[in-house]
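Student: Let's see this in three dimensions:
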Amino acid sequence: MCNGWNHSGGCDCGFGPPYDRDVADYFDQRIGSEGGRDLSSAGPYSRSLNAVVKNDVLTTQLASTFLWQSYTGLRSRRTRRAARPKPTAVATIYIVRHGKGYPRHDLLIFDQSIEPGKVESGIVEVGTNDLRLGWRTFRASYSIRQNATPKWLSGLSLADVPNIASEAMKAQEHFFIAMHPPRVVWTSGSVAMPSIAAVALPISSSAQGSGFATAGVISADKKGRVGVTTAFHAVEKNGKSLFVTGLPCSLRSSDPITDSCFIEIASAQIPVCSPCPGPLTGVTPGQGEAVIFEGATSGRVSTVVIGWTPELPWSIRGVQSRILTPAVTNGGDSGAALVNKNGLIVGFAQYRTAFNAAIAHSAWIWGESVFTALGIQ
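Tutor: Now for the predicted structure:
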């Protein structure tokens with residue numbers, strides 16, 4: 001069996017060279033690179049949503065997102081009802097933007113129960129009543145309430161979500177790709193608040209040690225302590241002695257679910273930095289949105305957002321929401337802030353896929369969830 005490491009000529013599994021294929025490229029190759037349709041006028045419910053949003057592309061993005069939310073709710077319900085062993089781990093799901101021209105949004109599923117080297121794919125065809133059932137399950141699973149709807153979507157009735165999903169599915173084919181999870185590499189290695197350092201701040205376990213992570217945002221917690229955020233997995237792995245740019249500092253709080261922590265630093269240690277407005281909230285990133293980060297290892301890098309976990313744009317406590325970009329991070333970049341052109345923080349670096357991964361990407365913890373979990377401003 002081909003596993004991505006032992007290819008023979010003519011192998012069509014999709015796991016072969018080139019190994020720098022990213023998620024969007026992989027979807028274009030297997031499903032097709034043709035762009036999607038404008039879903040803002042797919043039906044009366046979609047037109048009503050567009051009247052609220054007032055943006056055709058964003059309405060299209062939301063319509064597909066609502067379809068996948070309803071579909072994943074239905075999928076999880078059927079999985080729970082099925083008389084079969086539970087997978088060794090919960091499936092990880094991303095909505096992936098790809099295609100040339102008008103964007104389309106299809107589903108990527110990493111599922112431990114799928115044999116390594118095997119790829120499942122297909123078109124989703126679900127009835128409106130099933131989408132309603134799936135949306136109810138999804139909504140209950142994430143405790144999504146009408147009063148939690150982002151302010152800019154206050155004109156949206158949650159009861160209309162499965163109807164919008166149904167219109168999107170009828171107007172355009174939506175595809176899924178499912179496979180065993182790829183091997184990953186964790187990428188750990190007096191100022192206006194919040195702010196981001198002009199040059200990446202490495203975090204190390206000794207004064208002269210090499211950086212195992214990167215400071216994300218400089219901010220203050222609810223107790224008024226000034227410090228930086230970084231990736232919890234990096235700090236947990238590298239011990240209790242912490243140094244930022246070679247100077248000692250103290251871990252003050254952490255949250256394993258958002259893989260984040262807050263490290264207090266002395267005010268005198270704060271470097272030259274630029275204030276930022278805070279995290280992106282209430283909406284998934286825009287079409288091919290350009291973003292940048294400053295990693296202790298990679299330096300300043302420009303990239304684009306290509307996917308996100310399906311519960312967004314709702315930011316839900318207890319859920320590890322993530323954003324996808326091409327595989328642009330490296331060891332030591334964990335914790336770095338991903339920032340859009342408006343200076344809003346989209347995410348914080350968590351991991352990237354390892355060498356030879358068939359569907360290369362970097363994953364970023366949703367920025368808003370880290371601010372909420374750590375109680376920083």
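
Student: list the helices and strands the lengthiest helix in the chain packs on?
Tutor: Counting residues, the longest helix found in the chain (DSSP state H) is helix 56-81. In this structure, helix 56-81 packs against helix 44-53, strand 92-98, strand 104-110, helix 128-141, helix 161-171, with contacts taken as 3 or more CB pairs under 8 Å, 6 or more residues apart in numbering; DSSP states H and E. No exception for glycine: its C-beta is placed from N, CA and C like everyone else's.

Student: Let me know the angle separating the last one from helix 56-81.
Tutor: Read it as helix 161-171. Angle, helix 161-171 to helix 56-81, by axes from the mean of the first three to the mean of the last three CA atoms, to 10 degrees: 110 degrees.

Student: Same check on the first one?
Tutor: Between the direction of helix 44-53 and that of helix 56-81, the angle (the same axes, to 10 degrees) works out to 120 degrees.

Student: quick one on the thing from earlier: got the angle between the longest helix of the chain and strand 104-110?
Tutor: Relative orientation of helix 56-81 and strand 104-110, computed by the same axes, to 10 degrees: 30 degrees.

Student: For the most centrally placed residue in the chain, which residues count as its bridge partners?
Tutor: With distances taken as CA atoms, centre = their mean, the residue of the chain nearest its centroid is I323 (1.7 Å). In this entry, I323 is beta-bridged to W308, W364, by DSSP bridges.

Student: do you know how far it is from P279?
Tutor: 11 Å (CB to CB, to the nearest Å).

Student: who touches both of the two?
Tutor: By CB atoms under 8 Å, 6 or more residues apart in numbering, I323 and P279 have these common neighbours: V346.

Student: quick one, what contacts Q320?
Tutor: Listed by CB under 8 Å, 6+ apart, the contact set of Q320 reads 257-259, 309, 365, 369.

Student: Could you tell me how many residues sit around G35?
Tutor: Counted with other CB atoms under 10 Å, residues neighbouring G35 total 13.

Student: wait, it sits on R97?
Tutor: No. Contact criterion CB atoms under 8 Å: G35 and R97 do not qualify, at 10.6 Å.

Student: so what sits against both of these two?
Tutor: If you check G35 and R97 against CB under 8 Å, 6+ apart, the residues they both contact are 103-104.

Student: Okay then, goodbye and thanks.
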